[in-house]
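S.K.: all I have is the shape, not the residue letters:
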């Protein structure tokens, strides 16, 4: 895969709002429901002007709105904080949305049908997918039950974690050496040794050994940006140290500016300082996540390309009998969803409790449903191992027994 670098201005990525026209009828005759237009980081880009004074205008007219739109509030569980009519309206909107993006649990029979005689490869985001979203990103721990579910799934399916976190940090959270890990949105991948000799000579890919002494490939397409990322990280700490609640996280090949715990009145100031600094760094861009601004290198690389890289490393990229499944909750995961949709194989599962524009095929509400889905995949795999090639799947049995075991 050829890496392309674009040394342009920093990029502000604005969300595309949910279109009511996309809330249509369900597709119950195919395991690939129709996907919506993307709202991902590769969608709408606004070039940040360099002329003095214009940056503030762009910020005032678009940045704050983008920060708010990309950070929807989590669903309130306290019924006293939301009226009954509002709650019913929210639930109705979500049910309508699910007609286009049905639950991966209730639609498990479709997934099982499509997976028949195929090898499943699992790709999982971390925050909001395997662990709940928390106020302090350092406390985003996965439960012991979730870890057990992921560990069991990895026994039957090649499994990788692809996170915006640094690779070392997400490994500290997961602590499962049998998995493959891609940190910094796929810019830092430790995966299996590639079967294709033609790519072994890639300058960004080297053979090394992991902590268990196993030979692996380390792929870091943005390695030249490390000094720049460190410089920006230190600068962001300096220019935001007087804003209460802001947290700057160094994820090795990207820097995350968390404003989840910042007073809403100061969000505008956080954005102003981040973009004010980045106007002098033409090789870096800023993208939006849930209550986070992320400073990333301007290279042609994302989670979708990380999925493709790992599939190739596993020797699965050119096979027709492979079903990749990607589960994620944030807009950076849309690049992976789009890759699977474009290649017309596998599918994405969006984790969300609110309607979102997405190119995923299915949905799950929260990490607890992700855990149940992983367990369902394992139970299905065990059952299919007992069947002969002449036996058909009993779809009712899959839905009513496997999911409720």
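M.R.: All right, it came through fine. No experiment lies behind these values; they were computed from the predicted model shown. Numbers count the residues shown, from 1 in each chain.

S.K.: what's near enough to touch residue 192?
M.R.: 180, 216, 217, 313, 314 (C-beta atoms under 8 Å, 6 or more residues apart in numbering). Every C-beta, even on glycine, is put in place using the N, C-alpha and C of the backbone.

S.K.: I'd say the second one and residue 207 touch.
M.R.: Yes. The criterion here is C-beta atoms under 8 Å, and residue 216 meets it with residue 207 at 7.5 Å.

S.K.: who has more neighbours out of these two?
M.R.: Shown here are residue 216 and residue 207; by other C-beta atoms under 10 Å, residue 216 has more neighbours (19 against 11).

S.K.: what is the helix or strand containing the more buried one packed up against?
M.R.: Secondary structure assigned from DSSP states H and E places residue 216 in strand 215-219. If you count contacts as 3 or more C-beta pairs under 8 Å, 6 or more residues apart in numbering; DSSP states H and E, strand 215-219 packs onto strand 188-191, strand 205-209.

S.K.: any idea which of the ones you listed has the lowest pLDDT on average?
M.R.: Among these, strand 205-209 has the lowest mean pLDDT, at a mean of 86.

S.K.: return the distance of that one from the chain's centre.
M.R.: 25 Å (C-alpha atoms, centre = their mean, to the nearest Å).

S.K.: so where's the protein shaky on pLDDT?
M.R.: 1-64, 66, 68-86, 194-202, 388-405 (pLDDT under 70).

S.K.: which stretches of it form helices?
M.R.: Using DSSP state H, the helices of the chain run over residues 54-58, 64-69, 84-100, 108-115, 144-156, 167-174, 226-240, 267-278, 303-313, 334-342, 367-385, 395-397.

S.K.: sorry, back to before: same list, the helices and strands packed on strand 215-219, but as TSV with distance to residue 253 please.
M.R.: Shown next, in TSV, are the helices and strands packed on strand 215-219 (distance: least, C-beta to C-beta, whole Å):
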stretch	distance to residue 253
strand 188-191	6
strand 205-209	15
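
S.K.: among these, which is nearest residue 122?
M.R.: The minimum distance between residue 122 and the helices and strands packed on strand 215-219 falls on strand 188-191, with 13.6 Å, by C-beta to C-beta.

S.K.: what's in contact with that closest one?
M.R.: Against strand 188-191 from outside (C-beta under 8 Å, 6+ apart): 160, 166-167, 180-183, 210, 216-220, 252-253, 306, 309-310, 313-314.

S.K.: about what we covered before: what's the closest of the helices and strands packed on strand 215-219 to residue 284?
M.R.: Across those, closest to residue 284 is strand 188-191 (C-beta to C-beta), at 16.4 Å.

S.K.: neighbouring strands - and their directions - for that closest one?
M.R.: Looking at strand 188-191 with DSSP bridges, its partner strands are strand 180-183 (antiparallel), strand 215-219 (antiparallel).

S.K.: spit out the contact partners of residue 259.
M.R.: 67, 245, 246, 266, 267, 270, 291, 292, 293.

S.K.: roughly how far does the first one sit from residue 269?
M.R.: Distance, residue 67 to residue 269, by C-beta to C-beta, to the nearest Å: 11 Å.

S.K.: how about the residue nearest in space to the middle of the chain: what's its closest non-neighbour residue?
M.R.: Closest residue to the average C-alpha location of the chain: residue 333 at 3.0 Å, with C-alpha atoms, centre = their mean. Excluding the flanking residues, the one nearest residue 333 by C-beta to C-beta, 6 or more residues apart in numbering is residue 125, at 5.4 Å.

S.K.: that neighbour: what's it in contact with?
M.R.: For residue 125, the contact set (C-beta under 8 Å, 6+ apart) comprises 161, 162, 163, 327, 328, 329, 330, 333, 351.

S.K.: try it again at 7 Å.
M.R.: Residues counted as contacts of residue 125 (C-beta atoms under 7 Å, 6 or more residues apart in numbering) are 162, 163, 327, 328, 329, 330, 333.

S.K.: returning to that earlier point: just the strands paired with strand 188-191: most buried one?
M.R.: Among these, strand 180-183 has the highest mean neighbour count (mean count of other C-beta atoms under 10 Å), at a mean of 24.

S.K.: what's that strand in contact with?
M.R.: With C-beta under 7 Å, 6+ apart as the test, strand 180-183 has contacts from 160-163, 165-167, 170-171, 188-192, 251-252, 306, 310.

S.K.: from residue 329, how far out is residue 356?
M.R.: Taken as C-beta to C-beta, the span from residue 356 to residue 329 is 9 Å.

S.K.: thanks a lot, see you next time.
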